[in-house]
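J.: Starting from these lines, generate the structure:
(one chain, ligands or ions: 1)
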Amino acid sequence: MSNVIDGKAVSAAVLEECRAEVGQLKADGITPGLAVVLVGEDPASKIYVGSKVRTCGDLGLHSRKIELSAETTQDELLRVVEELNADPAIHGILVQSPPPPHIDEEAIVRAIDPRKDVDGFHPENVAKLVLEDQSAFVPCTPAGCMRLLEEAGVETKGANAVVIGRSMIVGKPMALLLMAKGSDATVTVAHSRSRDLPAICRGADIVIAAVGRPEMVTADWVRDGAVVIDVGINRVDDASKKRGYRLTGDVAYDEVAPKCSAITPVPGGVGPMTIAMLMKNTLKAARQLG
Ligand code: NAD
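T.: Here you go, the predicted model:
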């Protein structure tokens, strides 16, 4: 049996659940709607926004793509958010990260109605996550990791889990989800100041790597039979590729995979889960807002 967790397959299954849920919502008179705001011309952001909007269309959600110039002011952006907060056809609002440097991203996140904060970054949703309030919007990437663990039949109860990275987008919420009641893992959060990271990882039944450093986690960091979830997406120069680079995770996959009971590849692991969980959150918002 393969130890590779197929994120594409799990993501497709989640999207099918969403399709069914959209049908139920529509039968109840609710057409779920997502607004995606893009400020500026960042090529990667354009691709992400495009695929979010396409996925909405495919599942039958209403979507609005709002593209603003890189010169958009903080006040102009706040006015767009306010308009979306007030729009009854919109249940989820997402401002694509990163905005141009003159925009205060935290202020924008705080301006989003927490009931429409499908990224789960608003302080109210962060607090709800800490409190294990089920109405919270959980950030999409760690929510996707939890779903992958579940689908792979990984027992988290009592397991030693090491999360490498403490960002608000991945590491911190991931740690909270793993330690929450029901998951019941014993969680260690490591970061750039951690001492002897290889030794910390060797004690782990589950390693979640969310750093942004290509192939940092090597075979000698991982104990036999461990589960490894690789969140990292890194571009590495590769002259043999037409586009001049390849994507790699934070884990040295070829040497680590043979030691693992389960592992996610990059690409095709955590990546595809993020959009699927965004759709889930949007449907949850639509249900909660009614
Ligand atoms: P971030 O830069 O905000 O955080 C990185 C974390 O890694 C920090 O907490 C830092 O302390 C820690 N770190 C840095 N160097 C370290 C070191 N040498 N040893 C231990 N810890 C170290 O990044 P992020 O937004 O959390 O993203 C992390 C990675 O995950 C990136 O590669 C990003 O592209 C990827 N990512 C993927 C998805 C997805 O959908 N798959 C979503 C979000 C982020």
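J.: so where's the chain shaky on pLDDT?
T.: Where the chain drops to pLDDT under 70, the residues are 1.
J.: can you tell me if the biggest helix by length in it touches the ligand.
T.: Longest helix in the chain, counting residues (DSSP state H): helix 7-27. No - Helix 7-27 stays clear of the ligand (CB under 6 Å from any ligand atom), getting no nearer than 8.7 Å. For the C-beta atoms, the positions are set from N, CA and C on the backbone; glycine is no exception.
J.: which helices and strands does the helix or strand just after that helix pack with?
T.: Downstream of helix 7-27, the next assigned helix or strand under DSSP states H and E is strand 33-39. Judged by 3 or more CB pairs under 8 Å, 6 or more residues apart in numbering; DSSP states H and E, strand 33-39 is in contact with helix 43-59, strand 62-68, helix 74-86, strand 92-95, helix 271-289.
J.: mind checking the SS state of the nearest residue to T73 once chain neighbours are set aside?
T.: Excluding the flanking residues, the one nearest T73 by CB to CB, 6 or more residues apart in numbering is H102, at 7.8 Å. Following DSSP: H, G, I helix; E, B strand; the rest coil, H102 is assigned to coil.
J.: quick one on the thing from earlier: which one, of the helices and strands packed on strand 33-39, ends up nearest to the ligand?
T.: Evaluated over the helices and strands packed on strand 33-39, closeness to the ligand peaks at helix 271-289, with 3.7 Å, by CB to the nearest ligand atom.
J.: on that earlier part again, which of the helices and strands packed on strand 33-39 sits most buried?
T.: strand 92-95 (a mean of 26; mean count of other CB atoms under 10 Å).
J.: Does that strand reach the ligand?
T.: No - judged by CB under 6 Å from any ligand atom, strand 92-95 and the ligand are separated, with a smallest distance of 13.3 Å.
J.: Neighbouring strands of that strand in the sheet, and parallel or not?
T.: strand 33-39 (parallel) (DSSP bridges).
J.: Among the helices and strands packed on strand 33-39, which comes closest to V170?
T.: helix 271-289 (10.0 Å; CB to CB).
J.: who's in contact with that closest one?
T.: Helix 271-289 is contacted by residues 7-8, 10-11, 14-15, 17-18, 21-22, 25, 30, 32-34, 51-52, 55-56, 59, 61, 91-92, 94, 115-116, 118-120, 135, 137-138, 140-141, 143-145, 147-148, 233 when judged by CB atoms under 8 Å, 6 or more residues apart in numbering.
J.: Where does the stretch 1-150 of the chain get nearest to the ligand, which residue?
T.: For the stretch 1-150 of the chain, CB to the nearest ligand atom, closest residue to the ligand: T141, 4.0 Å.
J.: tell me which residues in the host helix or strand of R246 are buried?
T.: Following DSSP H and E, one finds R246 within strand 245-248. Judged by neighbour count (16 or more other CB atoms under 10 Å), strand 245-248 contains these buried residues: 247-248.
J.: Near the ligand, which residues of this structure are found?
T.: Counting by CB under 6 Å from any ligand atom, the chain comes close to the ligand at 141, 164-167, 169-171, 190-192, 194, 197, 210-213, 231-234, 270-271, 274.
J.: Among these, which are located in helices?
T.: 141, 171, 197, 271, 274.
J.: Out of those, give me the two with the largest separation.
T.: Counting by CB to CB, the most remote pair of these is L197 and T274, 25.1 Å apart.
J.: still on that earlier bit, could you dump the ones in helices among the residues of the chain next to the ligand into TSV and include distance to T264?
T.: Converted to TSV, those look like this (distance: CB to CB, whole Å):
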residue	distance to T264
T141	12
G171	16
L197	20
G271	9
T274	13
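J.: All the strands of the stretch 101-250 of the chain, residue numbers only.
T.: Here the stretch 101-250 of the chain has its strands, by DSSP state E, counting those that start in this stretch, at 160-164, 186-190, 206-209, 227-230, 234-237, 245-248.
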